[in-house]
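Novice: what's the 3D shape of this:
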Amino acid sequence: LHSTPSASRSAAQDPAVDPAGRGGQESLDKGKERHCRQGPGSPERREGVNTAHSSHTEHGECQLLQIQVGQLQQEKQQLRDNFAQLLQQCNSLKAKCKTYEREQTELGPTLEEIKWEVCQKSGVISLLKQQLKDSQTELANKTNEVLTLRNQVREARGKLSSRG
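Specialist: Residues are numbered from 1 along each chain as shown. Model prediction:
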């Protein structure tokens, strides 16, 4: 209580003094808040201090601390809200991921079956195309053969008519 606020703050913020790494600010603020609640006229505060000067300074410090506490509480609430929102988003994404995994598990074999069937159908289509091409070639050959035979029949009839 007898040191200046900046000296108290710098000593309390020293990481070597506070192994938790918070800089001692939390314990310093709690001490000042308790100090503010005791009031400037309390016996604990009157010992060895000029009450008129320290009362004014301490009142300002108390107001500042109360403002800081309010700000920290608002920030804490905002962080909690943000955390809750992020947690909700995380749970939503996890649910979507599980849905996608389940669909992949369920549809994976079906997809493989469909791919296999498409491959088989492609093979059948290729075979049918080749058979159609072969049939068309065979039809063209048979048509030529029929035309050749007709011509031979005409020629044979013509020879027979001319002989007899």
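Novice: Now do the one helix or strand residue 95 maps to: which elements does it pack against?
Specialist: Element membership for residue 95, per DSSP states H and E: helix 51-163. Packing partners of helix 51-163 (3 or more C-beta pairs under 8 Å, 6 or more residues apart in numbering; DSSP states H and E): helix 25-38, helix 43-46. The way it works is simple: take the backbone N, C-alpha and C, and place the C-beta from them, glycine included.
Novice: weakest of these by average pLDDT?
Specialist: Within the helices and strands packed on helix 51-163, confidence is poorest for helix 43-46, with a mean of 50 (mean pLDDT).
Novice: Quick one: mean pLDDT for the helix holding residue 95?
Specialist: Taken as a whole, helix 51-163 has a mean pLDDT of 93.
Novice: can you start the count at 567 instead of 1 from here on
Specialist: Taking 567 as the first residue, the last one we looked at is helix 617-729.
Novice: what separates residue 631 from residue 623, distance-wise?
Specialist: Relative to residue 623, residue 631 is positioned 12 Å away (C-beta to C-beta, to the nearest Å).
Novice: Which one's more surrounded, the two?
Specialist: Shown here are residue 631 and residue 623; by other C-beta atoms under 10 Å, residue 631 has more neighbours (19 against 15).
Novice: How much space separates that one from residue 624?
Specialist: Distance, residue 631 to residue 624, using C-beta to C-beta: 10 Å.
Novice: Ok, residue 727 next?
Specialist: To residue 624, residue 727 is 145 Å away according to C-beta to C-beta.
Novice: Of those two, give the one with the bigger neighbour count.
Specialist: For residue 727 versus residue 624, the count of surrounding residues by other C-beta under 10 Å is larger for residue 624: 22 against 8.
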